[in-house]
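[1] build me a structure from this.
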Amino acid sequence: MSTTILGGGLGGLSAAYYLLKKDPKSVITLVEASNRVGGWIKSNTQDDGVIFEQGPRTVRPKGPQGANTLALIEELDLSSHIKAIPTYHPAATKRMIYANSKLHLLPASFTSLFKKQTPFSKPLISLLFKDVITGKPAVAIKDESIYDFVTRRFGTEVGDYLISPMICGICGGDAKQISVKFLMEGLFEKEQKHGSITRGIIASWLNKEEKKNENKPRNDLYQRSINERWNVYTFDNGIESLPKRLEEVCRANGTRFEMDAKCTGLDFSAKITTELSNGRVLTSDKLISSISAENLSALLINKHPDLAKLLQRIKTVTLAVVNLQFNEKLPIEDGFGFLVCPKENRPILGVIYDSCCFSYTDKTVLTVMLGGHWFYDHFNDNTSEEEFLHVALTQVADILKIDQLPDNYKVNLLKNAIPQYTVGHKENLELIQRYIDAKRLKLHLCGSSYHGVGINDVIMSARNMADEI
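    So this is what the prediction gives:
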């Protein structure tokens, strides 16, 4: 059996790896439109050893998905290259938001829930009591925005000051449009079943439902992450070490790579025909698409317009990432950084303090994230790197009082980079799969457009897809 994989990002590479693991004799061709693998993951190492992460930067070790990634890393022989940030590190315990024109430290311990902490008007524990006294919805809700769900259960302050900036940091999105099932499906289901989140959590704990349903791969690296209390981790040479190693292993095991080759046409017959921009035509028994749903829809619009329209519902947002390096230690409090509340109407989503996260003791290194859902409110397709840099420096000067020019910088535009799981996303996925099954298309989907935008989610979606095949 032969397989063509569209996309050389983490999803496509993981799909090739897991297929080879299932059947080492698999005949696989991976098609990548650019001259490199890794997709939006890009680690740019400077002459002095500082790493500018221009896309995703860390991985969480928690949950079944996190354990699965750690198992993969162990198999790839990358364990010795891990750099972990423990749960007691300032980058894990000190996270801030920018609200009401000020920086505020978020509660980071159980005892802090009982203290009044700006920008909240009351201790968070009192806001949590709202869930207890709020009754079950009169009518069952199929889906709603994560903002509506949280404000309904806990009040607007939790929605404005916790959930909205958190969604900005995770997917660059608007919490008022993102589905509650994107991050809080379990809590949403508990409310629908038990009448409140609190009662649902207690019921699950008493019945030990969640522990019974967990299926975490047990491996040495996973156990190490528990023993050493990892919060997040990366690699010595940056997060791009993971896709690079996947490429090496896949090539060594016979995967053929078609680089600088954009897919220009697809035909699903007895054999699948894939036309490439370099003039080559591939035939295979199966097709795996890890490219964005938007890009796949453009390839299907003529012969499968109904499927293309369903894929077009999965929109993306654009970000600009500006890395700043100052060759001196500036007076910034240690911590992870800060996220900006959308109500502030600023062009930035947040700033990450890389020099704290990655222990650059004699430098100050920051990453400024711009745009997201609001990209076209502040920028356009012709915005230059110099303009992005200027906006980043202006915001850093205003919020952090750093008014000097950086000694080094890098600007990276992530065009249509992060999928947005808006209300109805899960139901839309069911319609997509129903169409593929009904038409008996030998098409399989993985990647960030469908079952999670994080590194762990993308890898798990590839593994699940390989298991299904």
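
[2] contacts, neighbours, all on C-alpha from now
    OK.

[3] looking at this structure, which helix or strand is least sure?
    Taking mean pLDDT, DSSP states H and E as the measure, helix 209-213 is the helix or strand of the chain with the lowest mean score, a mean of 49.

[4] ranges for the helices of the stretch 101-250 of the chain?
    Taking DSSP state H, counting those that start in this stretch to define them, one finds helices in the stretch 101-250 of the chain at 124-133, 146-154, 156-158, 164-171, 185-194, 197-207, 209-213, 220-227, 241-252.

[5] nearest to Thr367, out of those helices?
    helix 164-171 (12.2 Å; C-alpha to C-alpha).

[6] got the contact list for the closest one?
    The set of residues external to helix 164-171 that reach it, using C-alpha atoms under 8 Å, 6 or more residues apart in numbering, is 97, 147, 173-176, 339-342, 349-350, 372, 418-420, 453.

[7] care to break the chain down by domain?
    Structural domains of the chain, as assigned by automatic domain parsing, span the residue ranges 2-39+240-314+421-468, 104-213.

[8] most tightly packed of those?
    Relative to the other members of the domains of the chain, domain 2-39+240-314+421-468 carries the highest mean neighbour count by mean count of other C-alpha atoms under 10 Å, namely a mean of 19.

[9] now do that one: distance to the chain's middle.
    In terms of C-alpha atoms, centre = their mean, to the nearest Å, the gap separating the centre of domain 2-39+240-314+421-468 from the centre of its chain is 18 Å.

[10] please apply the same query to stretch 365-381.
    17 Å.

[11] cool, stretch 85-92 as well?
    Between the centre of stretch 85-92 and the centre of its host chain there is 20 Å, according to C-alpha atoms, centre = their mean.

[12] so where do the helices sit in the stretch 251-400 of the chain?
    So, for the stretch 251-400 of the chain - with DSSP H, counting those that start in this stretch - the helices run 293-300, 305-312, 354-357, 375-378, 385-400.

[13] rewinding a little: now distance to Lys286 too, for the helices of the stretch 101-250 of the chain, in TSV please.
    Below are these laid out as TSV (distance: least, C-alpha to C-alpha, whole Å):
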stretch	distance to Lys286
helix 124-133	48
helix 146-154	36
helix 156-158	46
helix 164-171	31
helix 185-194	32
helix 197-207	41
helix 209-213	32
helix 220-227	33
helix 241-252	18
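
[14] closest to Ser461 out of the ones you listed?
    Distances from Ser461 to each of the helices of the stretch 101-250 of the chain were compared using C-alpha to C-alpha; the minimum, 15.4 Å, belongs to helix 241-252.

[15] hmm, who's touching that closest one?
    So helix 241-252 is in contact with 9-10, 13-14, 16-17, 20, 37-38, 73, 76, 78, 235, 257, going by C-alpha under 8 Å, 6+ apart.

[16] can you rerun that using 6 Å?
    For helix 241-252, contacts defined as C-alpha atoms under 6 Å, 6 or more residues apart in numbering pick out Leu10, Tyr17, Gly38.

[17] same deal with stretch 80-95?
    Residues from elsewhere that reach stretch 80-95 (C-alpha under 6 Å, 6+ apart): 106, 108, 229-236, 335-337, 357.

[18] now, which of those residues lie within strands?
    For these, the ones inside strands are Trp230, Asn231, Val232, Tyr233, Thr234, Phe235, Gly337, with DSSP state E as the criterion.

[19] can you name the two of the residues you listed that are farthest apart?
    The farthest-apart pair in the ones in strands among the contacts of stretch 80-95, when distances are taken by C-alpha to C-alpha, is Phe235 and Gly337, at 20.0 Å.

[20] looking at those two, which is more packed in?
    Gly337 (26 against 19; other C-alpha atoms under 10 Å).

[21] who touches that one in this structure?
    So Gly337 contacts Arg95, Val351, Ile352, Tyr353 (C-alpha under 6 Å, 6+ apart).

[22] measure the last one to Ala92 for me?
    Spelled out, it's Tyr353. Separation of Tyr353 from Ala92 (C-alpha to C-alpha, to the nearest Å): 12 Å.
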